[in-house]
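Engineer: Following is a predicted model, sequence given first.
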Amino acid sequence: MKAGTPVLCLFFSLILSPVVHADDPPATDDSPPVNPQVVDKLIDMGNYLRSLPKFQVDADVSRDTVLESGQKIKTESSNTLKVVGHDRMYAKTEGDVRTREFFYNGKKLTQYSPYLKYYTTVDAPPKVAEALHMIEDHYGVQVPMEDLFLFGSDQSQIDALKAALYVGPSTIKGQLCDHLAFRQEGIDWQLWITRSDKPLPCKLVITTTDEKSSPEYSAVYHWNLKPTIADSIFTFKPAKGDVAIAMKKASDQGGQ
């Protein structure tokens, strides 16, 4: 599954409304299936993320892979995302399966495999969100934590929600958060948001419900809203031994 992308792309399309109160009680059997105050809290977080002039977020990610036998194998990775404005981004994922780096400077986007020493660079649109849409749609490549940009513009995503519940307060890594739960076709997902005037995602769990083994994706976030980021980090500079290769279009990969 495209972890995070199909469920979170509703965030940035919505208009800010009054949010759920921090001391609201957990959902009960009598609660409406889609609580508008819960959706509003989600919107508030999305609007705040859009307003950030720069940030660094690190995430500990756990992902289930299902074998043909039906057995689930869990893989772990550490992810970093650094952003300045709407036109500069650096991302890295380092884990059990692969290590990749991504560099974007508003003109070019490069994917780099430091252990294989391969890199590929493509022309990119002038904004991060547009560049990420392009690289996924055209090349089938997902950048770590791209959901933070791609909380999309499709109202049908909010219409697809079958449930939106306030579960209750919860502490994630020492941070008091509000625990929200959502359901839509084929997916259950939970989001923990900081209980503060700076609403940030603390944790995300996505469960694929239309597969028998119900594989999960989980990410725990660590935020720095005042990072020191050198502008040079956004432009890839190949080192000795690095080899440029062409990025294959998604339509050329496995007959997709």
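Structural biologist: Yes, it's here.
Engineer: Could you report the pLDDT at Glu68?
Structural biologist: Taken from the predicted model, the pLDDT recorded for Glu68 is 89.
Engineer: Could you count how many residues lie near it?
Structural biologist: By the criterion of other CB atoms under 10 Å, Glu68 has 5 neighbours. Just so you know, the C-beta spots here come from the backbone N, C-alpha and C atoms, and that holds for glycine as well.
Engineer: Would you mark the buried spots in stretch 192-204?
Structural biologist: Going by neighbour count (16 or more other CB atoms under 10 Å), the buried part of stretch 192-204 is Trp192, Ile193, Thr194, Arg195, Pro199, Leu200, Pro201, Cys202, Lys203, Leu204.
Engineer: Ignore what I typed, I meant stretch 39-56.
Structural biologist: Judged by neighbour count using 16+ other CB under 10 Å, the buried positions of stretch 39-56 are 39-49, 52, 55-56.
Engineer: and if you look at stretch 160-178?
Structural biologist: Residues of stretch 160-178 classed as buried under the neighbour-count rule (16+ other CB under 10 Å) are Ala160, Leu161, Ala163, Ala164, Leu165, Tyr166, Ile172, Gln175, Cys177, Asp178.
Engineer: do stretch 206-216 as well
Structural biologist: Ile206, Thr207, Thr208, Pro215, Glu216.
Engineer: which residues of the stretch 51-200 of the chain score low on pLDDT?
Structural biologist: By pLDDT under 70, the low-scoring segments of the stretch 51-200 of the chain are 149-155.
Engineer: Now do the helices for it: every range, in order, please.
Structural biologist: Remark: helices assigned in the stretch 51-200 of the chain by DSSP state H, counting those that start in this stretch are 128-139, 155-159.
Engineer: Thr110 is nearest to which of those helices?
Structural biologist: helix 128-139 (10.4 Å; CB to CB).
Engineer: from the middle of its chain, how far away would the closest one be?
Structural biologist: 14 Å (CA atoms, centre = their mean, to the nearest Å).
Engineer: In terms of secondary structure, what does it contact?
Structural biologist: For helix 128-139, the contact count by 3 or more CB pairs under 8 Å, 6 or more residues apart in numbering; DSSP states H and E identifies strand 88-95, strand 108-113 as packing neighbours.
Engineer: now the last one and helix 128-139, what's the angle there?
Structural biologist: Angle, strand 108-113 to helix 128-139, by axes from the mean of the first three to the mean of the last three CA atoms, to 10 degrees: 60 degrees.
Engineer: ditto for the first one
Structural biologist: Going by the same axes, to 10 degrees, strand 88-95 is angled at 50 degrees with respect to helix 128-139.
Engineer: Partner strands of strand 88-95, with direction?
Structural biologist: strand 72-84 (antiparallel), strand 99-104 (antiparallel) (DSSP bridges).
Engineer: Between the buried residues of stretch 160-178, which sits nearest Lys248?
Structural biologist: Closest approach to Lys248 among the buried residues of stretch 160-178 (CB to CB): Ala160, at 31.2 Å.
Engineer: Roughly how far does the closest one sit from Ser51?
Structural biologist: Distance from Ala160 to Ser51, counting by CB to CB, to the nearest Å: 26 Å.
Engineer: can you check Thr235 too?
Structural biologist: For Thr235, the distance to Ser51 - CB to CB - is 26 Å.
Engineer: Quick check: beta-bridge partners of the nearest residue to Leu191 once chain neighbours are set aside?
Structural biologist: Beyond its immediate neighbours in the sequence, the residue positioned closest to Leu191 (CB to CB, 6 or more residues apart in numbering) is Leu180, lying 4.9 Å away. Applying DSSP bridges to Leu180 gives these bridge partners: Tyr166, Leu191.
Engineer: which residues does Leu180 contact?
Structural biologist: For Leu180, the set of contacting residues under the criterion of CB atoms under 8 Å, 6 or more residues apart in numbering consists of Val38, Lys41, Leu42, Ala164, Leu165, Tyr166, Val167, Gln190, Leu191, Trp192, Ile193.
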